[in-house]
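**Student:** Structure, please.
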Amino acid sequence: MDKDEISNFLKSVPLFKGIPDEDFDDIAEKFTVQKYNSEELIFSENTIADALYIIVSGVVNVLKSGKEAGSNEEFLIEKGSGDFFGEMSIVDDLPRSATIRAKSESVKVLILKKEEFARLFQTYPCLAYSVAKRISATVREANYRYMTSLEDRNKELENAYRQLQNAQRELLNTEKLSAIGKFASIIIHDIKNPLTNIRAYAELIERKLSKIDGLSESVLRGPSVIMNEVDRLVTMTTELLDFSRGDSNLDVEEVDFYEYLHDLVENIQGRAEKDNIQINLKPVTEKIFLFIDKLKMQRVFLNLINNAIEAIGENGVINISLENNENKFILWKIKDSGCGISDEIASRIFEPFVSGKSNGTGLGMSIVKSFVEKHGGSISVNSKIGEGTEMIISLPKSVNV
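**Tutor:** Okay, the predicted model is just below:
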């Protein structure tokens, strides 16, 4: 660049606003031109300030070294044509506060030595004002970056804290599962055998009592209560055993899912009718074929239906429907007219050991979720206190899992 080119360029730089046009030729003579290649160092942090730099073309990065030795440089900001740097160290006579490195393939800068810069300060008060404004803006910008960085790091700490809490919960659950596994492997099979005998004798007693006239309702109901309690104990021990086993393989086959559900509903109608609960399976207009493990999906069905029956108590409705979406999944919905569950329980209902029932293990819904996900599906819950609960299961159509 010759003197005229430097003079014309300086007139466009806001730093020199207010200086008479006729003075720029003299000012231009005080500058030298320097070029830098990409990644080339212009000056380093903590070096002695010796000049003011004004960018003619290209882009530079302003970098800050880490506090620890050998740490990477932290990017602060980039500057382009018309921007200047190095002014603060000249003004306060302190070492450079940052490193400047060329970013573009070719960077052209004008350099004004510290002594010449000081003389211009004395000659043109407007220049001192421009520099003061720039320093103020730099301080504000640095403060903004600091506050933004502080907020970001605070969010990172909050996320890390949440992750730590989740990890702690998972660790506690793992320890619980380990204890359950040891317990289950030792005694569950032994428990189920006497429970089976108890239930068999309760059925026998029920048949015998039904043939005797004049017995009270409470006596006649006794064997049924025993059988229900045995069934509940068997369910609880089965849940413990299933959950303690962890992952298990699926034995899948392709089934007409509506017909499959129809058979399951038929088998459980008797229990529901005792409590005057109606189970409605909405008909479908087309065949829906799924690859499923029939035994595991039966466990899913029975768990959800039993929960619905318990939530209703007596005199209610359970509606079951299938929606064949255009995508690769079907929606299987089970909606009851029961008491509903709280938002707190609903948000954690699929976590192990979380239950809305006083006599539950808190594992049933975890097992349901596990079985559904093993089939490549998902499950969610919608519920409001006093308005019932709806379980929504998404399952892939005819995908061999």
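
**Student:** Tell me how many other residues crowd Asp26.
**Tutor:** Using other Cβ atoms under 10 Å, Asp26 is surrounded by 11 other residues. Quick note: C-beta positions are derived from backbone N, CA and C, even for glycine.

**Student:** Quick check, pLDDT for it.
**Tutor:** pLDDT recorded at Asp26 is 91.

**Student:** and it, what helix or strand is that in?
**Tutor:** Assessed by DSSP states H and E, Asp26 sits inside helix 24-28.

**Student:** and that helix, what does it pack onto?
**Tutor:** In terms of contacts (3 or more Cβ pairs under 8 Å, 6 or more residues apart in numbering; DSSP states H and E), helix 24-28 is packed against helix 3-11.

**Student:** For the helix it packs on, the averaged confidence score.
**Tutor:** 93.

**Student:** With stretch 279-296 instead?
**Tutor:** Rounded mean pLDDT across stretch 279-296 is 92.

**Student:** CA atoms of it as PDB?
**Tutor:** Output of stretch 279-296 as PDB, limited to C-alpha atoms (Å, rounded to 0.1, in the frame of the first residue of the first chain):
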ATOM      1  CA  ILE A 279     -64.100 -54.800  29.100                       C
ATOM      2  CA  ASN A 280     -64.700 -53.500  25.600                       C
ATOM      3  CA  LEU A 281     -62.400 -54.400  22.700                       C
ATOM      4  CA  LYS A 282     -63.000 -52.100  19.800                       C
ATOM      5  CA  PRO A 283     -63.300 -54.100  16.500                       C
ATOM      6  CA  VAL A 284     -60.800 -53.300  13.700                       C
ATOM      7  CA  THR A 285     -61.600 -53.100  10.000                       C
ATOM      8  CA  GLU A 286     -58.300 -54.800   8.800                       C
ATOM      9  CA  LYS A 287     -55.900 -57.400   9.900                       C
ATOM     10  CA  ILE A 288     -53.000 -56.200  12.100                       C
ATOM     11  CA  PHE A 289     -50.000 -58.600  12.100                       C
ATOM     12  CA  LEU A 290     -47.200 -58.300  14.700                       C
ATOM     13  CA  PHE A 291     -44.200 -60.300  15.600                       C
ATOM     14  CA  ILE A 292     -44.400 -60.800  19.300                       C
ATOM     15  CA  ASP A 293     -43.500 -63.100  22.200                       C
ATOM     16  CA  LYS A 294     -47.000 -64.300  23.100                       C
ATOM     17  CA  LEU A 295     -46.100 -65.200  26.700                       C
ATOM     18  CA  LYS A 296     -44.400 -61.900  27.400                       C
END
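
**Student:** Okay, buried residues for it please.
**Tutor:** Buried residues in stretch 279-296, counted by 16 or more other Cβ atoms under 10 Å: 279, 281, 284, 288, 290-293, 296.

**Student:** In a markdown table, list those residues along with secondary structure.
**Tutor:** As requested, those are exported to a markdown table (DSSP: H, G, I helix; E, B strand; the rest coil):
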| residue | secondary structure |
| --- | --- |
| Ile279 | strand |
| Leu281 | strand |
| Val284 | coil |
| Ile288 | coil |
| Leu290 | strand |
| Phe291 | strand |
| Ile292 | strand |
| Asp293 | coil |
| Lys296 | helix |
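
**Student:** Look up how far Val354 lies from the closest residue to Leu264 other than its chain neighbours.
**Tutor:** Spatially, and ignoring its direct neighbours in sequence, Leu264 is nearest to Phe301 (5.1 Å; Cβ to Cβ, 6 or more residues apart in numbering). In this view, Phe301 and Val354 are 21 Å apart by Cβ to Cβ, to the nearest Å.

**Student:** And for the helix holding Asp26, what's in contact with it?
**Tutor:** 3-4, 6-8, 10-11, 16, 19, 120 (Cβ atoms under 8 Å, 6 or more residues apart in numbering).

**Student:** from these, which is closest to Ile48?
**Tutor:** Leu120 (20.0 Å; Cβ to Cβ).
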